[in-house]
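**Student:** got a predicted structure plus its sequence, pasted below:
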Amino acid sequence: MKNQSIRNWSVVGGLIRKDSDILLVANRRRGNLHIGKRGGIDWTPPGGVIDQGESAVEALTREVHEETGLKVLTWSELVYGVSVNFVEHNMFLQVEVFEAIEWTGSLVVDDPDGIVEDAKFFSEKACGARLENSPVWVREPVLAYLKEGIPSEKKFSYIVASDKAGNLIVEGK
């Protein structure tokens, strides 16, 4: 058996509130493991990949500005982390999520990566509906945050495999 290296992804996400509403962005997926189908849309908090040499907060500030036009001046400490082990794909996703304490600007979607197509603030109820088709490793932690139900260890962990038809099977730990 060949020794395959594991691809590690470090990603950040930002929880941004306006009154009691929360910001979500619509992402156009290109057939990756997030939703398993090419061209679908899923809603998530804004964020993205941490580039080499960037801190998590630097990457998050850059990604939020690129995707939404908002400038975050102050971030909280880590709100929660998410780890996702895609066992069959030799991929491990590590997500750090922070909350915007102070931000300025107006929503302008002009994502240089061409992934984010829309950004809106949603009520908690509407947010739950938007997240319905998002990956469980996005949906569960965001809904826990909205209900003030983040675990004391501030971690969510998932293992992802595929069934014979290629559908993703996700198990939380």
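**Tutor:** Sure thing, it's come through.
**Student:** shaky segments in this protein?
**Tutor:** 1-4, 30-39, 173 (pLDDT under 70).
**Student:** show me the helices in it, by range?
**Tutor:** Secondary structure of the chain (DSSP state H): helices at 56-68, 124-130, 136-146.
**Student:** what helices or strands is the second one leaning on?
**Tutor:** Using 3 or more CB pairs under 8 Å, 6 or more residues apart in numbering; DSSP states H and E as the contact criterion, the elements in contact with helix 124-130 are strand 21-30, helix 136-146. For the C-beta atoms, the positions are set from N, CA and C on the backbone; glycine is no exception.
**Student:** can I get the CA coordinates of the longest one in PDB?
**Tutor:** Which is helix 136-146. Only the C-alpha atoms of helix 136-146 are listed here, as PDB (Å, rounded to 0.1, in the frame of the first residue of the first chain):
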ATOM      1  CA  VAL A 136     -23.200  19.400   9.400                       C
ATOM      2  CA  TRP A 137     -19.800  20.500  10.600                       C
ATOM      3  CA  VAL A 138     -20.900  24.100   9.700                       C
ATOM      4  CA  ARG A 139     -24.600  23.900  10.700                       C
ATOM      5  CA  GLU A 140     -24.300  22.300  14.200                       C
ATOM      6  CA  PRO A 141     -21.600  24.600  15.700                       C
ATOM      7  CA  VAL A 142     -23.300  27.800  14.400                       C
ATOM      8  CA  LEU A 143     -26.700  26.700  15.700                       C
ATOM      9  CA  ALA A 144     -25.100  25.800  19.100                       C
ATOM     10  CA  TYR A 145     -23.500  29.300  19.100                       C
ATOM     11  CA  LEU A 146     -26.800  30.900  18.500                       C
END
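**Student:** what's around the residue nearest to Leu24 when sequence neighbours are not counted, how many residues?
**Tutor:** Among residues not flanking Leu24 along the chain, Trp43 sits closest, at 4.4 Å (CB to CB, 6 or more residues apart in numbering). The tally of other residues near Trp43 (other CB atoms under 10 Å) stands at 22.
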